[in-house]
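>>> attaching a predicted model along with its sequence, questions to come.
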Amino acid sequence: MAEQAFQVDLRGVVDLLSRHLYASPRVYLRELLQNAVDAITARGGDGGRVEIETSGGTLRVHDDGIGLTTDEVHTLLATIGRSSKRDELGFARHDFLGQFGIGLLSAFLVADEIEVVTKSARGPSNGQGAVRWTGRSEGSYRVEPGERDEPGTTVTLRARPGSAELLSPPVVAELARVYGSLLPVELVVDGVPITGDGPPWQVRHRDPASRRRALERYCEDLYGFVPFDVVDLEVPEAGLTGVAFILPDPVSPAARASHRVYLKRMLLAEGVEGLLPEWAFFVRCVVDAGELRPTASREALYEDELLDSARQGLGGALRQWLVKLAETDPARLRAFLRLHQLGVKAMALHDDEMLRIVDRWLDYETSAGPMTLREFRRRHPDGRYTASVEEFRRLSAVAGAQGVGLVNGGYVHDTEIIERLPDLDPDIRLSRLEAAELTTTFGVLDPATELALRPFIAAAQRAVERLGCEIVVREFDPASLPALFLTSRDAQFREELKRAREEANELWADVLGAVGASAGVERPQLVLNYRNPLARRVTSLGVGGPGVGGPGAGAETTARTELVELAVQALYGQALLLGHHPLRPADTAVLNRSFIGLLEWAVHPPEAP
Ligand SMILES: Nc1ncnc2c1ncn2[C@@H]1O[C@H](COP(=O)(O)OP(=O)(O)OP(=O)(O)O)[C@@H](O)[C@H]1O
């Protein structure tokens, strides 16, 4: 039985293209433009010119490319899927834009009839040899002698009812500009040149500064923002060049970053995803690639090994830029990190170089104020981190007061980053804080001591009364800590303290009387540590009862009362500083006064009687 050829109903194919392959019938112009450029490429030599004319619902695309012979017209134009742009083995030839042999059909999205008048550059050079091919959307075509003197091709479309808009002068000019403004041929629409200097990042400039300004303007026109920085991109194996614009504002890492991609200087799409590694969500790129492949719709990149290695290459370029910024302009790097730290932290999870940058340049919240992890380790070789912000808030003051450095590892990626630091250097030790480590248990003093201390506590209370602080004396560890300042936020410790007080109340309520009088008022507390030798000596400086130091009191008592006041205020100030509490003007004044007062005592103590 004889082999039969497939019969194709063109209407079904056009329907398929328009509904399922192309996002919009606007692509018809891109396909025509692409064929014209390929024909010019096939002819070889320099330059080439494509001229588009619009008039009264008719569109003409002229090119001075290779043209077609009569035989080629039959096989190439009239056979769906046949293309001159593949090699003997059927692979896409990399110098051409087209490869599938279906592009011309897209003209049927806007016209019922396509007319091609062509003359092959390889044919006879006299007036002979021009061919006219007319194809109709219902599937028939006609070939007859045509009229054309010079080699090249003219494609003519007449708008189908309803498609006139797409073939109107302003829309054609816009489409030509969108798709073809970077093309390496001369493109003219109704006499107006569309192509200019080519890719903006390849244009020569007087000096780097004016190049930079030009690229910033380009970014502003394209994306509507002035970039934080402009990074040149190049991945030779993908034939890729371009620029990355660093966004000047923070973006959500979840926002899909899309980029403007040209293939062989023809726009592929304005919103291509997956060109960069996922972490690089802080840039918008414009690139031109010669070797990357489009999907059949020509609206996305074909996911293959080459795209994958291009992605790695682009990620590498951004990474390189960051490393260089760290070396040459740390202040700018910090500014960048403030904007896009989430992206950089995400990178640091898998990339040692980025981890080093985070370690060295990114400020973390610590019990000793904001600083980098590296600086923190230098100051606190035995430092700890908390895995939640909540825990940090609760413990940082107390940790600070006890000399334990604490880093807030509670934000996104931070704990993982801190735990990965030994990958940089196995000697790096930054361990997680076990809450129990800091549990300070406040011991109650025995009743006799407590009773004996009452005059002192009263005097001490007067010393800090104006500061809105309450004095408490307890025994607690570490003994090296003379005093601890607890704000009402230090909930856990206040609980602890309250329990100690309640115990005291129960046991010695009658002895101690109104110890818990101020309970319930949420004032910050200065807890003096009776276990600390210095604090203990301060409590035993010896003052009289209420009214001591008033008129008529002995000179010595007055002096001692003054010393107690100065010492308590100094302890107050030091506890504030140790715990990194904010200093109000009144606090600073007291700190100053106590320092100067104690200094006076030290150099010139009031004469002992
Ligand atoms: N302007 C032109 N000049 C010369 N040859 C042309 C021109 N337009 C089309 N052709 C020929 O017709 C063939 C089919 O064109 P068509 O646009 O359908 O497919 P293609 O460009 O090969 O591939 P793709 O579907 O990827 O665009 C081309 O391979 C080319 O040989």
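Noted; the coordinates are in hand. Numbers count the residues shown, from 1 in each chain.
>>> list the buried ones in stretch 452-471?
Buried residues in stretch 452-471, counted by 16 or more other Cβ atoms under 10 Å: 453, 455-457, 459-464, 467, 469-471. Quick note: C-beta positions are derived from backbone N, CA and C, even for glycine.
>>> and those residues, which of them are in helices?
Judged by DSSP state H, these include 453, 455-457, 459-464 as members of helices.
>>> list just the nearest of these to the ligand.
V464 (83.2 Å; Cβ to the nearest ligand atom).
>>> circling back: nearest to W601, of the ones in helices among the buried residues of stretch 452-471?
A463 (14.7 Å; Cβ to Cβ).
>>> check contacts around that closest one.
Contacts were defined as Cβ atoms under 8 Å, 6 or more residues apart in numbering; by that measure A463 touches 564-566, 568-569, 572.
>>> kindly export whatever helix or strand V261 lives in (C-alpha atoms) in CSV.
In this assignment (DSSP states H and E), V261 forms part of strand 259-263. Taking Å, rounded to 0.1, in the frame of the first residue of the first chain, the C-alpha atoms of strand 259-263 are listed here in CSV:
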residue,chain,number,x,y,z
HIS,A,259,13.6,40.2,33.8
ARG,A,260,13.7,41.6,30.4
VAL,A,261,15.3,39.1,28.0
TYR,A,262,16.4,39.6,24.5
LEU,A,263,17.6,36.7,22.3
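>>> continuing past it, what's the next helix or strand?
Scanning forward in sequence from strand 259-263 by DSSP H and E, the next helix or strand is strand 266-272.
>>> that next one pairs with which strands?
strand 259-263 (antiparallel) (DSSP bridges).
>>> which ones are touching V464?
Here V464 is in contact with 471, 526, 568-569, 572, 590 (criterion: Cβ under 8 Å, 6+ apart).
>>> the same query, at a cut-off of 6 Å, please.
Y572 (Cβ atoms under 6 Å, 6 or more residues apart in numbering).
>>> then L267?
Listed by Cβ under 6 Å, 6+ apart, the contact set of L267 reads Y179.
>>> that one and the ligand, how far apart?
According to Cβ to the nearest ligand atom, to the nearest Å, L267 stands 15 Å off from the ligand.
>>> equivalent analysis for E150, please.
For E150 relative to the ligand (Cβ to the nearest ligand atom), the value is 13 Å.
>>> so that residue versus K119, what's the distance?
The spacing between E150 and K119, counted by Cβ to Cβ, to the nearest Å, is 7 Å.
>>> with D197 instead?
32 Å.
>>> try R377
The gap separating R377 from K119 is 77 Å, by Cβ to Cβ.
>>> quick one on the thing from earlier: pipe the ones in helices among the buried residues of stretch 452-471 into a markdown table and attach distance to the ligand and pLDDT per row.
A markdown table is the format used below for those (distance: Cβ to the nearest ligand atom, whole Å; pLDDT from 0 to 100):
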| residue | distance to the ligand | pLDDT |
| --- | --- | --- |
| L453 | 93 | 93 |
| P455 | 97 | 92 |
| F456 | 93 | 94 |
| I457 | 90 | 93 |
| A459 | 93 | 93 |
| A460 | 88 | 95 |
| Q461 | 88 | 94 |
| R462 | 91 | 93 |
| A463 | 88 | 94 |
| V464 | 83 | 94 |
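>>> more crowded one of E150 and K119?
Counted by other Cβ atoms under 10 Å, E150 and K119 do not tie: K119 has more neighbours, with 26 against 11.
>>> and the more buried one, how close does it get to Y530?
Between K119 and Y530 the computed distance is 107 Å (Cβ to Cβ).
>>> ok so, going back, quick one: which of the ones in helices among the buried residues of stretch 452-471 is nearest to P236?
Relative to P236, the closest of these is V464; by Cβ to Cβ it sits at 71.0 Å.
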